[in-house]
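[1] please find the sequence and the predicted model below.
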Amino acid sequence: MINHIETIYLTIVLAPLVGALLAGFLGSAIGRAGAHWVTIIGVGISSILSILVYKHHIIDGAPDYNQAVYTWLSSGGIDFQIGFLIDPLSVTMMVVVSFVSWMIHIYTIGYMHDDPGYQRFFSYISLFTFAMLMLVMANNFLQLFFGWEAVGLVSYLLIGFWFKKESAIFANLKAFLVNRVGDFGFLLGIAAILMYFNTLDYVEVFNNVEQHKDTTITILSGESWSVMTVICLSLFIGAMGKSAQVPLHVWLPDSMEGPTPISALIHAATMVTAGIFMVSRMSPLFELSVTTLNLILVIGAVTALSMGFLGLVQNDIKRVVAYSTLSQLGYMTVALGASAYAAAMFHLFTHAFFKALLFLAAGAVIIVMHHEQDMRKMGGLFKYMPITCLTCFIGSLALIGFPGTSGFFSKDLIIEAVHHSSLPASGFAYYAVLSGVFITALYTFRLFFMTFFGKENMKKEVWKKLHEAPAVVTAPLLVLAVPSLLLGLFLIEPLLVGDYFGSAIYVSGEHNVLSKIAAEYQGIIHFITHAFLYPPVYLAFSGIFVAWLCYIKYPCLPGKLVNRIGFIYKVLVNKYGFDDFNQIVFAGGVRKIGHFLSEFGDIKMIDGVLVNGSARSIRIFSNMIRHIQSGYLYHYAFAIIIGLLLLLVIFVHRAGY
């Protein structure tokens with residue numbers, strides 16, 4: 001029998017699903033208002049209940065909940081179940097996912113007001129929320145994989161929402177294919193877990209990891225690999241796809257082809273953070289593979305720095321924020337590699353709010369600018385959009401890690417954690433994320449100054465109609481601005497010196513870098529003032545100053561600089577050649593293989609030989625034998641007698657007479 005607490009958990013998951021189904025199948029009957037009301041109410045119920053569950057588990061200290069809801073399949077003595085694991089890690093993700101999604105649902109009323117696919121859009125985003133909640137609440141790898149693939153499927157539908165645009169179709173197909181590469185590795189990792197642990201239940205796997213820490217497996221050329229390393233590498237390949245790490249990052253910038261609320265939903269608290277959450281959840285496995293941890297450090301560091309550079313040369317306001325997301329995901333990945341899982345999740349939480357805020361602020365600008373996204377055609381919007389400007393400023397400060405904002409606490413914690421790590425790759429990772437602080441501040445305030453200050457570069461017909469975005473758009477901005485400013489103040493102590501995550505995250509003694517930082521912690525005020533003794537704060541201030549010089553004081557400087565470093569600028573504009581490589585080798589190569597298979601396999605072999613060839617052979621054979629059909633009975637009798645004689649000769653010959 002389902003008890004009271006199970007009912008709450010089921011409601012949290014199913015409320016967005018019900019809203020999605022009603023808006024999707026009954027959209028024409030309930031109308032546009034009905035579609036947004038059923039989905040907003042559904043996600044709102046999930047959000048409020050998630051907050052209550054958060055209070056129950058985090059504040060009141062209730063024990064973890066781990067129960068199966070039902071058994072989906074039993075095979076070979078293994079039960080494949082659907083169930084929930086509610087602990088500090090999952091419950092915090094539940095609050096972040098549901099609340100940010102709720103704000104995006106409300107914002108969507110204003111942004112998609114005139115879109116003909118209004119009901120369909122609300123159905124998709126509510127379904128996306130359901131899939132993400134299934135992922136973070138799962139207590140087994142089967143349900144995790146279901147949620148993992150479901151968010152991928154719905155993101156495909158959302159990125160290509162405007163399906164009449166060729167660029168949108170290209171972008172959603174690109175996202176789908178690139179994620180299939182990562183998901184193939186993810187599936188191999190799950191299969192290896194099932195093979196060696198004979199279960200897909202999280203707790204059972206985690207309780208038995210020590211038994212397999214020295215187990216090896218032979219792969220290619222007779223070399224032995226650690227089973228745990230193979231499993232962790234495979235799982236991390238999946239995380240690279242979902243959380244857009246180099247080289248599987250190429251789908252994320254193109255996902256900007258979808259409507260702005262989707263950019264916020266995918267890039268803030270949901271799909272792209274799934275990989276970070278998954279690695280944190282699997283910390284008992286990853287702690288047994290130093291090889292994988294070093295690889296994670298390198299991949300995260302390269303992503304954080306290289307994607308930040310690309311943000312400097314983007315002129316599309318949404319793409320700047322998108323490359324910012326890529327860079328910040330690199331920071332989270334670096335924290336995972338340093339075994340600072342709590343710091344990675346801390347930055348995930350804070351980033352969800354201020355990045356959603358920045359995307360929605362960019363969307364508000366796009367609405368007012370009549371869907372113009374080029375920052376070179378903006379400027380001076382502060383006078384017309386003060387609320388949007390203020391909230392964007394708050395989000396920008398949080399993104400660069402300005403002292404006291406939520407992003408400051410989480411980003412500073414990551415940089416310090418990497419600095420304290422003793423892994424071989426930590427030195428490179430430290431200087432990469434340190435350099436990234438300056439780059440982040442530069443591209444963030446480049447966006448801010450080009451959009452809201454300086455010369456007004458918009459068209460005359462746009463300039464005459466400039467005004468603040470409607471209240472249904474600005475209200476979510478104001479709500480998201482609060483946690484963007486204050487969330488870090490409330491979470492830093494429980495995460496650093498408290499036992500916030502409890503047993504949800506495991507870190508071995510030799511990798512516990514956060515314990516070293518916690519030993520030096522003397523309170524929030526000391527944490528802020530202590531930061532002024534180290535480079536990150538000054539690098540952030542320097543980035544703001546350089547952005548002011550280049551885009552406010554001397555706006556001619558960037559053009560002169562481009563002329564001097566033309567080759568480097570070209571490399572950055574071409575995104576290091578990743579897109580060209582994918583077009584020529586990956587996509588182009590697949591097209592050529594497909595064309596060859598179509599020409600040779602389908603047209604020549606199947607159609608030419610099997611289908612048309614068979615018909616042609618039958619026609620030739622028929623033409624040959626039809627001549628013996630004379631219609632005379634004595635001809636047929638003669639043929640029968642000859643046939644019988646031949647059979648008799650064969651029989652006598654075989655019998656040896």
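    It's in. Not measured: the values here are computed from a predicted model.
[2] what's residue 316 sitting at in phi/psi?
    Backbone torsions of residue 316, given as degrees, to the nearest 10, read phi -80, psi 120.
[3] now do it: how many residues are near it, please.
    As a burial measure, residue 316 scores 16 neighbours (other C-beta atoms under 10 Å). For glycine as for every other residue, the C-beta is placed from the backbone atoms N, C-alpha and C.
[4] am I right that residue 422 sits in a strand?
    No: using DSSP: H, G, I helix; E, B strand; the rest coil, the secondary structure at residue 422 is coil, not a strand.
[5] and it, its phi and psi?
    Dihedral angles (degrees, to the nearest 10) for residue 422: phi -110, psi 10.
[6] go on, residue 218?
    phi -100, psi 120.
[7] just give the nearest non-adjacent residue to it, would you?
    residue 224 (5.8 Å; C-beta to C-beta, 6 or more residues apart in numbering).
[8] by contact count, what packs against the helix or strand the one you found falls within?
    Per DSSP states H and E: residue 224 is located in strand 223-226. Applying 3 or more C-beta pairs under 8 Å, 6 or more residues apart in numbering; DSSP states H and E, we find strand 223-226 packed against strand 216-219.
[9] and the strand it packs on, what does it pack onto?
    strand 223-226, helix 227-242.
[10] now do the buried residues in it.
    residue 217 (16 or more other C-beta atoms under 10 Å).
[11] next one: it to chain centre, how far?
    Here the centre of strand 216-219 is set off from its chain's centre by 31 Å, with C-alpha atoms, centre = their mean, to the nearest Å.
[12] also stretch 258-276?
    Counting by C-alpha atoms, centre = their mean, stretch 258-276 is centred 6 Å from the centre of its parent chain.
[13] so who does the residue nearest to residue 218 touch?
    Counting by C-beta atoms under 8 Å, 6 or more residues apart in numbering, residue 224 makes contact with 216, 217, 218.
[14] closest one of those residues to residue 515?
    residue 216 (31.1 Å; C-beta to C-beta).
[15] contacting residues for that closest one?
    Here residue 216 is in contact with 224, 225, 226, 227 (C-beta under 8 Å, 6+ apart).
[16] tabulate the residues you listed (a markdown table), appending pLDDT and distance to residue 181.
    Compiled in a markdown table, the contacts of residue 216 are given as follows (pLDDT from 0 to 100; distance: C-beta to C-beta, whole Å):
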| residue | pLDDT | distance to residue 181 |
| --- | --- | --- |
| 224 | 83 | 26 |
| 225 | 86 | 21 |
| 226 | 88 | 23 |
| 227 | 91 | 23 |
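[17] now these: which count as buried?
    Using 16+ other C-beta under 10 Å as the burial test, the contacts of residue 216 include 226, 227 as buried.
[18] can I get the contacts of residue 216 in CSV including distance to residue 320?
    Output for these, formatted as CSV (distance: C-beta to C-beta, whole Å):
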residue, distance to residue 320
224, 47
225, 41
226, 41
227, 43
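[19] tell me which helix or strand in this structure has the weakest average pLDDT.
    The weakest-scoring helix or strand in the chain, judged by mean pLDDT, DSSP states H and E, is helix 588-596 (a mean of 68).
[20] can you give me the buried ones in the following helix or strand past that one?
    Sequence-wise, the next helix or strand downstream of helix 588-596 (DSSP H and E) is helix 612-625. Neighbour counts over helix 612-625 (16+ other C-beta under 10 Å) mark no residue as buried.
[21] return the distance of the helix or strand following helix 612-625 from the chain's centre.
    Once helix 612-625 ends, the next helix or strand along the chain (criterion: DSSP H and E) is helix 633-655. Helix 633-655 sits 76 Å away from the centroid of its parent chain (C-alpha atoms, centre = their mean).
[22] any idea of the mean pLDDT for helix 633-655?
    The average pLDDT for helix 633-655 rounds to 79.
[23] where's the residue nearest to residue 497 when sequence neighbours are not counted, which helix or strand?
    Leaving aside its chain neighbours, residue 497 sits nearest to residue 518 (4.8 Å; criterion: C-beta to C-beta, 6+ apart). Per DSSP H and E: residue 518 is located in helix 513-520.
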